[in-house]
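Trainee: What shape does this take:
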Amino acid sequence: MFKKLYFSLFFIISIPVNAENVVLILMDDMGYGYLKSNFDAHDRQKSPDIVKRDGKNYPYEEVGRQFDTAMPVLNSMVDNGIHFTDAYTTSSLCGPSRLSILTVKNNANFGVYNNIDVNQGGLPKDIPWPVGALSNHYHSIAIGKWHAKSHRFDLGDDPITAGFDQFFGFNGHGTDYYNSVDIHRYNPQTNEYINVPQQPKEYLTDVFTEETISAIEEYQFAKPLFLYLSYNAVHGPLGLKAPSIYQDKFSTGREKADIILAYLNAVDVGIKKIQESLKAKGELENTVFLFLADNGSPGGEAQTFPGNSPFKGFKGQILNGGLRIPMIAYQKDKTKGMVYGNPVSSMDMMATVMAYAGMDPQAHGLDGRSLIEIINGNSEVTIHKNLFVVGQNAVNFSYIEPVKGETDRVTAPGAWMVRNKKWVLFYTADKKYVKTAVRSTGGEHYGLYRATDIHLKDNLISKKVNVADRMKREFREWFVKNQADPVRTADHIWWEEVNKD
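Mentor: Purely as a prediction, here's the structure:
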């Protein structure tokens, strides 16, 4: 009761004028290049990191051709929807990223900058998760991976406490695709999370799809449905193949590539089944699909081509490869095929759900912005003057082996980014670290690039001093106003680096 009252006091609810259902689909570690339209848009350019890692002995063309055909439904959604080519997440790691998506606030506001921060717990318990206010308009269901806070369901960091009406899934950073012991269902009668044993040979992507379909079939649509479907694909472990109905479609000559192709195809087939379920209920044309990933792909064997192509960088790094993500909006017979090339944020997706429910995120100091005007066909509107990211440039998830092993997640140098319509400014406290994984005394590095310089080849920091100085000042003003100390008590070297005057 207090939860609902608190949300109502925080968010002013206007009389909703939209009756659309919303299905928000979040992918895990799905690199920018895995979406065919992203890869094609840059003339199929390969990430320089992938070329460096794989050399010339990789079947690029064969893998690329089969990635084209792994996701026909998503490709159709791009062709008939809104393709956001310049979408960024607020963090290159899933925990902080998901916290930002669901709260519509940059994770820096909470002192959460990496997954260690997330796992510490400690967020104030009165954080107004926007989904709680949606109950006045939507019936809200969360299915799949949560990981917006700690791994435990008893710390007030769970989907039901956040405001969802139903939940089925897991709370950690990852789980097995087969025989997972981490799946729970919320029981409203007992107010408990009940462990749900998986049956032999059950494939978790299919389990989440079928749970979504069951929820749609059972729901009577007395009010619109908000469905948050968070697949754990294509996050590791990647050691086991998908069921043969997906796996047998692909044969590239590289087993890891075939596995990821099949994982993605399983999601694509699942989306088609969800659309068919909505159609059977007479709700397909009345449903907006929002699709995005939480961050870029990791390096090493966990990222196969095309991965984050054409960009440099991986999960864990404040570079385009870690931050640029696939993003789509689609509504059958209402959206038209359109490319939107101005910068948008992952936070804008939940802000859009709020706007469909008649809420104004900006009026309450939230960082995300509604995308409804773009979804309705306005390709010229600018949603954000600047996007800001702050954190670390860790190589733990890269093809480079961190010299200090797991401690790289804590001690990696501080980094930040500012992106506007024309420019992107990167800062890292150690200019050699991303290439060597060894801290140097070489000092900090600034890189100012045109937004169109996808491989970051032409650093204009010394030629466009006024632009760089303005963006540095804008970052500092935002940072001083919005940042919070990291919630953990571990090594703060990197924090001191980005927090200096």
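
Trainee: contacting residues for residue 260?
Mentor: Residues near residue 260 by CB atoms under 8 Å, 6 or more residues apart in numbering: 34, 234, 238, 304. From N, CA and C alone the C-beta is placed, and that goes for glycine too.

Trainee: Now the residues you listed in JSON lines, please, with extra columns for secondary structure and pLDDT.
Mentor: Below are the contacts of residue 260 laid out as JSON lines (DSSP: H, G, I helix; E, B strand; the rest coil; pLDDT from 0 to 100):
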{"residue": "34", "secondary structure": "helix", "pLDDT": "94"}
{"residue": "234", "secondary structure": "coil", "pLDDT": "94"}
{"residue": "238", "secondary structure": "coil", "pLDDT": "88"}
{"residue": "304", "secondary structure": "coil", "pLDDT": "85"}
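
Trainee: Max pairwise distance over these: which two?
Mentor: Distances among the contacts of residue 260 were taken as CB to CB; the most separated pair is 34 and 238, at 13.8 Å.

Trainee: Which one's more surrounded, those two?
Mentor: When neighbours are counted by other CB atoms under 10 Å, residue 34 and residue 238 differ, and residue 34 comes out ahead with 28 against 18.

Trainee: And that one, how close does it get to residue 67?
Mentor: For residue 34, the distance to residue 67 (CB to CB, to the nearest Å) stands at 6 Å.

Trainee: what sits in contact with each of those two?
Mentor: Counting by CB under 8 Å, 6+ apart, the contacts common to residue 34 and residue 67 are 264, 306.

Trainee: In the protein, where is pLDDT below threshold?
Mentor: Along the chain, segments meeting pLDDT under 70 span 1-18, 120-126, 149-156, 302, 442, 488-491, 501.

Trainee: repeat that for 50
Mentor: 1-6, 8-9, 13-17 (pLDDT under 50).

Trainee: Quickly list the domain ranges of it.
Mentor: Per the record, the chain has its domains at 19-375, 387-499, by automatic domain parsing.

Trainee: how about the strands in the stretch 151-300 of the chain?
Mentor: With DSSP state E, counting those that start in this stretch as the criterion, the stretch 151-300 of the chain has strands at 166-170, 184-187, 192-195, 225-230, 287-293.

Trainee: for the last one, packing partners?
Mentor: Counting contacts by 3 or more CB pairs under 8 Å, 6 or more residues apart in numbering; DSSP states H and E, strand 287-293 is packed against strand 21-27, helix 72-79, helix 255-280, strand 327-330, helix 347-356.

Trainee: Could I get these in TSV, plus columns for distance to residue 316?
Mentor: What follows is the helices and strands packed on strand 287-293, written out as TSV (distance: least, CB to CB, whole Å):
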stretch	distance to residue 316
strand 21-27	17
helix 72-79	25
helix 255-280	18
strand 327-330	20
helix 347-356	20
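
Trainee: Could you point out which of these sits nearest residue 384?
Mentor: Comparing the helices and strands packed on strand 287-293 by CB to CB, helix 347-356 comes nearest, at 8.2 Å.

Trainee: Report the separation between residue 133 and residue 60.
Mentor: Residue 133 is 47 Å from residue 60, where distance means CB to CB.

Trainee: So for these two, which residue has more residues nearby?
Mentor: Taking neighbours as other CB under 10 Å, residue 133 and residue 60 compare with residue 133 leading, 24 against 17.

Trainee: and that one, which of the three is it?
Mentor: Secondary structure state of residue 133, per DSSP: H, G, I helix; E, B strand; the rest coil, is helix.

Trainee: returning to what we had before: of the contacts of residue 260, closest to residue 340?
Mentor: Closest approach to residue 340 among these (CB to CB): residue 34, at 19.3 Å.

Trainee: Wait, the closest one touches residue 263, no?
Mentor: No: counting by CB atoms under 8 Å, residue 34 sits too far from residue 263 to count as a contact (10.2 Å).

Trainee: joint contacts of these two?
Mentor: Shared contacts of residue 34 and residue 263 (CB under 8 Å, 6+ apart): residue 234.

Trainee: returning to what we had before: looking at the domains of the chain, which is buried most?
Mentor: The highest mean neighbour count among those, using mean count of other CB atoms under 10 Å, belongs to domain 19-375: a mean of 21.

Trainee: Just put the strands of the stretch 151-300 of the chain in TSV and tack on distance to residue 355.
Mentor: Converted to TSV, the strands of the stretch 151-300 of the chain look like this (distance: least, CB to CB, whole Å):
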stretch	distance to residue 355
strand 166-170	23
strand 184-187	27
strand 192-195	31
strand 225-230	12
strand 287-293	11
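
Trainee: closest one to residue 203 among the ones you listed?
Mentor: strand 166-170 (14.7 Å).

Trainee: and the angle for that closest one with strand 225-230?
Mentor: Between strand 166-170 and strand 225-230, the angle comes out at 10 degrees (axes from the mean of the first three to the mean of the last three CA atoms, to 10 degrees).

Trainee: quick one on the thing from earlier: now the contacts of residue 260 in a markdown table, with distance to residue 435?
Mentor: Listed next are the contacts of residue 260 as a markdown table, based on distance: CB to CB, whole Å:
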| residue | distance to residue 435 |
| --- | --- |
| 34 | 25 |
| 234 | 26 |
| 238 | 26 |
| 304 | 22 |
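
Trainee: how far does stretch 65-73 sit from the chain's center?
Mentor: Taking CA atoms, centre = their mean, to the nearest Å, the mean C-alpha location of stretch 65-73 is offset from the chain mean by 21 Å.

Trainee: residues in contact with the nearest residue to residue 166 once chain neighbours are set aside?
Mentor: Ranked by CB to CB, 6 or more residues apart in numbering and with sequence neighbours excluded, the top spatial neighbour of residue 166 is residue 141, at 4.4 Å. Contact analysis of residue 141 by CB under 8 Å, 6+ apart lists 164-167, 215, 225-228.
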